[in-house]
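# Here is a sequence with its predicted model. Questions after.
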Amino acid sequence: MSVLDNKKISFIGGGNMAQALISGLIGCGVKPEQITVADPSADIRQQLSTQGLNAVDPSTDAKAAITDADVVVLAVKPQVMKAVVSAFADGLDNQLVISVAAGLSTDLLSNMLGGYRNIVRAMPNTPAMIQQGATGLYGTDDITQEQKLLASAVMEASGIIMWVEDEEQMHAVTAVSGSAPAYVFYFIESMIDGGVALGLDKEQASALAMQTVLGAAKMAIDSDDSPSDLRRKVTSPNGTTQAAIESMQADEVGRQISDAMQACFDRSQALSEEMR
């Protein structure tokens, strides 16, 4: 028996991230009729309706999406969040609110919701679109243990989750996973370009680079060894891999990655301040 059984889940916003989470939920056994989506786009509403979901127009009835909901997922851009939620905030009554909007603290969200405090802040990443996401979660002191389990179940439908105790740690989550798919894509791009420069065609270099990253990640996840141990095991003395690793170490690639993550962390903090 799942904590999601018979739970009604409403999404405010039906864009890519909402659709990714919905796909994961349905894949985990949530019935489409348990899910309601409020989106101003008639095309999106039509698309979601054909999947068996309840699609409503928020301009017609702003509170329709949250009526009888157990969970309300806020999946709109941070810049429009205040205007969107103000239309239904006074209709909230003990529902769990999960926000996937970047940069909006739980205090700021609470202010937008008229003081409502049953809030969980989530930082998913784009692989959630294929149910391979990594999501950081933070909840206010006002959520119950049952609601924490409910939030976990909703977000676990699209990948792994990790709760943090201090909301400031959400900036670190952004640096480690939220923005990190782009770092990996950049690394893959560079591998492909390097392969082409060495004589492979782009199709060959792309296939080899992408499968290698996928395989290495899967190996790291499944192994009892740390990534450092795995690296050492495949680095033969005076071999080709050692030559590559020594080149990276000479160029301080590790430090550059750390610097990039720090820049991401700093920008996340700055965006949160700008949203106040």
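The structure has been received and is ready for your questions.
# helix or strand for Phe11, which one?
Phe11 belongs to strand 9-12 when assigned by DSSP states H and E.
# How far away from the center of its chain is that strand?
Relative to the centre of its chain, strand 9-12 is centred 16 Å away, using CA atoms, centre = their mean, to the nearest Å.
# Show me what that strand is in contact with.
18, 21-22, 25, 30, 34-38, 58, 65-66, 69-76, 84-85, 88, 154 (CB atoms under 8 Å, 6 or more residues apart in numbering). Every residue, glycine included, has its C-beta placed from N, CA and C.
# Kindly report the same for stretch 53-65.
Stretch 53-65 is contacted by residues 10-12, 14, 22, 32-33, 35-40, 42, 44-46, 48-49, 72, 84, 87-88, 91 when judged by CB under 8 Å, 6+ apart.
# Only alpha carbons, please: show the strand holding Phe11 as CSV.
Taking Å, rounded to 0.1, in the frame of the first residue of the first chain, the C-alpha atoms of strand 9-12 are listed here in CSV:
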residue,chain,number,x,y,z
ILE,A,9,-2.7,15.8,-6.2
SER,A,10,-3.1,19.2,-7.9
PHE,A,11,-0.5,20.9,-10.0
ILE,A,12,-0.5,24.7,-10.4
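# That strand pairs with which strands, parallel or anti?
strand 35-38 (parallel), strand 71-74 (parallel) (DSSP bridges).
# Next, format these as CSV and append mean neighbour count.
Shown next, in CSV, are the strands paired with strand 9-12 (neighbours: other CB atoms under 10 Å):
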stretch, mean neighbour count
strand 35-38, 26
strand 71-74, 26
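# What residues are bridge-paired with the closest residue to Ala65 other than its chain neighbours?
The shortest distance from Ala65 to any non-neighbouring residue, by CB to CB, 6 or more residues apart in numbering, is to Ala38 (3.7 Å). Per DSSP bridges, the residues bridged to Ala38 are Ile12, Val56.
# these two touch, right, Ala38 and Gly13?
Yes. With contacts counted by CB atoms under 8 Å, Ala38 reaches Gly13, the gap being 7.4 Å.
# and the nearest residue to Ser179 once chain neighbours are set aside, helix, strand or coil?
The shortest distance from Ser179 to any residue other than its chain neighbours is 5.0 Å, reached at Cys264 (CB to CB, 6+ apart). Following DSSP: H, G, I helix; E, B strand; the rest coil, Cys264 is assigned to helix.
# State the helix or strand in which the residue lying farthest from the centre of the chain lies.
Residue distances from the centre of the chain (CA atoms, centre = their mean) peak at Asn238, which lies 40.9 Å from the mean C-alpha position. In the assignment (DSSP H and E), Asn238 maps to no helix and no strand.
# per-residue confidence at Met1?
On the pLDDT scale, Met1 is placed at 59.
# ditto for Asp61
86.
# Tell me the spacing between it and Gly91.
Distance from Asp61 to Gly91, counting by CB to CB, to the nearest Å: 10 Å.
# in this protein, what spans have low per-residue confidence?
By pLDDT under 70, the weakly predicted segments of the chain are 1.
# Tell me where it has helices.
Assigned by DSSP state H, the helices in the chain fall at 16-27, 42-49, 81-85, 106-112, 145-156, 170-173, 180-197, 202-222, 227-233, 240-250, 253-275.
# Which among the ones you listed is found nearest to Gly139?
Gly139 sits nearest to helix 145-156 of all the helices of the chain, at 5.8 Å, using CB to CB.
# any residues touching that closest one, and which ones?
2-4, 7, 9, 21, 25, 28, 70-71, 73, 96, 98, 118, 120, 122, 124, 135, 137, 139, 143, 161, 163.
# Does Gln262 touch Ala175 like I think?
Yes. With contact defined as CB under 8 Å, Gln262 reaches Ala175; the gap is 7.4 Å.
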